[in-house]
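Asks: My questions are about this predicted structure, shown below with the sequence.
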Amino acid sequence: MPEPILELQQVSVHFRRGRVLLRAVEDISFQLGLGDVLCLVGESGSGKTTLGKVVAGLLRPTVGVVRYRGQDVWRLDSGAFRRFRRAVQIVHQDPYASLNPIRTVVDTLVPPLLHHRIARNRSDAIERAARLLELVDLVPPEQFLPKYPHQLSGGQRQRVSIARALTVQPELIVADEATSMVDVSIRVSLLNTLRRLREELGVAFLFITHDLAMAKYFAWQGRIAVLYLGRVVELGPTPSVIGDPLHPYTQALLAALPEPDPDLTRRKSKLLLRSLDIPSLAHLPSGCPFHPRCLRFVSGLCDVERPSLRFVDAHRSVACHVVVQERAAGDLPPSSQEAATRRADERMPFERG
Ligand SMILES: Nc1ncnc2c1ncn2[C@@H]1O[C@H](COP(=O)(O)OP(=O)(O)O)[C@@H](O)[C@H]1O
Ligand SMILES: [Mg+2]
């Protein structure tokens, strides 16, 4: 296996709020290689943005190690740390906040190209900026270079943010809800642009979303990590996680996906959760943090012992006592295993090629 670009090893992030300790991210490990896609999915407050900041080197974890090309990033000298920060770029949710309103597109893209000596001179930089705009589907580029952010639509602004992230030739892009503020109608086209960047440039993605449907669409060839209250509860290849979700929380999330029949959705999500309230991070339930909402809850086990993330097959891991026991006992219906393998080979209807 090639050396990962980025590796998190048992990373936790704790915030102190007054006397209370918030365990925003707890004991998370994963690796990202060149061109990999990992999708972080979870409800608001589950620690997605915090984890994204850790990956991008904007936040130092309280516990654990972040490695960039094998090196602990928080022990790098300043030059090497800068190279790491350059290699991992964040695209935020809100392009209004991340673009300078008094800078035109050309003045947003040209300075980093010159500063990092990617362009030889200003005219080379403008040339490269135009090519980046083409790459993010803002064509013809001459039409967009002189524009100010307020002269662009939300979707176009987000494309400029993506082009700006690309100026420094990153190896990994952290896209934190990057498509959630644009209209549904253009969301898919923005996602397609991101997918093409992945395919054409080989950029790895940490794709953060609260919306499992987005994860499914963007990361079909990658992996999904489902976060619940700062912990990964399920991690595996997207087709298996979507097609054969194992953790009761993943099952509930999938059941809550919008469907043509809203009554059905409402019935389904009620069916899969004991409670709709998300516990507070400041007062985490004992044992499994999901147990107060879980339909498969076993008294005396789930409310006592915190389940750790365990492999249930070569590629998938789940943090659930009940699922892990079932798997170990081999008493899962065989059809469910079969279905997972079959679905992994199928392609989504919207996948190209
Ligand atoms: N700088 C901070 N100080 C204190 N608490 C924070 C800070 N950043 C995030 N949190 C808390 O950590 C938890 C996770 O937040 P966040 O990572 O933003 O979640 P998400 O992106 O999944 O909505 C939340 O309870 C949030 O209030
Ligand atoms: Mg967030």
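Replies: Nice, I can see it. Numbers count the residues shown, from 1 in each chain. Ligands and ions are numbered 1, 2, ... in the order given.
Asks: CA only for contacts and neighbour counts going forward, please
Replies: Will do.
Asks: Can you list the low-confidence ranges for the stretch 201-350 of the chain?
Replies: Residue ranges of the stretch 201-350 of the chain with pLDDT under 70: 258-271, 331-350.
Asks: Name the residue of it that lies nearest to ligand 1.
Replies: residue 281 (6.1 Å; C-alpha to the nearest ligand atom).
Asks: ok, the closest residue in space to that residue that isn't next to it in sequence to residue 303 distance?
Replies: Spatial nearest neighbour of residue 281, excluding adjacent residues (C-alpha to C-alpha, 6 or more residues apart in numbering): residue 22 at 5.8 Å. Separation of residue 22 from residue 303 (C-alpha to C-alpha, to the nearest Å) stands at 20 Å.
Asks: hang on, the earlier thing: just say helix, strand or coil for the residue nearest to residue 281.
Replies: strand (DSSP: H, G, I helix; E, B strand; the rest coil).
Asks: What of residue 220?
Replies: coil.
Asks: got it, and the one 5 residues further on?
Replies: In terms of secondary structure, residue 225 is strand; the call rests on three-state DSSP.
Asks: ok, now which ones touch it?
Replies: By C-alpha atoms under 8 Å, 6 or more residues apart in numbering, the contact set of residue 225 is 38, 39, 40, 41, 232, 233, 234, 235, 236.
Asks: what do you get if the cut-off is 6 Å, keeping everything else the same?
Replies: 40, 234, 235 (C-alpha atoms under 6 Å, 6 or more residues apart in numbering).
Asks: Run through the strands of this protein in chain order.
Replies: Using DSSP state E, the strands found in the chain span residues 6-17, 20-32, 37-41, 63-68, 71-72, 88-91, 172-176, 204-209, 223-228, 231-237, 310-311, 317-318.
Asks: Adding distance to ligand 1, write these out as CSV.
Replies: Output for those, formatted as CSV (distance: least, C-alpha to the nearest ligand atom, whole Å):
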stretch, distance to ligand 1
strand 6-17, 5
strand 20-32, 4
strand 37-41, 8
strand 63-68, 15
strand 71-72, 22
strand 88-91, 13
strand 172-176, 8
strand 204-209, 8
strand 223-228, 8
strand 231-237, 11
strand 310-311, 22
strand 317-318, 19
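Asks: Look up how far residue 45 lies from residue 278.
Replies: Taking C-alpha to C-alpha, one finds residue 278 at 9 Å from residue 45.
Asks: still on that earlier bit, need the contacts of residue 225 in JSON lines (columns: neighbour count).
Replies: Converted to JSON lines, the contacts of residue 225 look like this (neighbours: other C-alpha atoms under 10 Å):
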{"residue": "40", "neighbour count": "28"}
{"residue": "234", "neighbour count": "25"}
{"residue": "235", "neighbour count": "28"}
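Asks: any idea which of the strands of the chain is most buried?
Replies: For the strands of the chain, average neighbour numbers computed from mean count of other C-alpha atoms under 10 Å are highest in strand 37-41, which has a mean of 28.
Asks: Report all helices and strands that that strand contacts.
Replies: Counting contacts by 3 or more C-alpha pairs under 6 Å, 6 or more residues apart in numbering; DSSP states H and E, strand 37-41 packs against strand 204-209, strand 223-228.
Asks: Show me what from the stretch 1-150 of the chain comes close to ligand 1.
Replies: 15, 24, 44, 45, 46, 47, 48, 49, 50 (C-alpha under 6 Å from any ligand atom).
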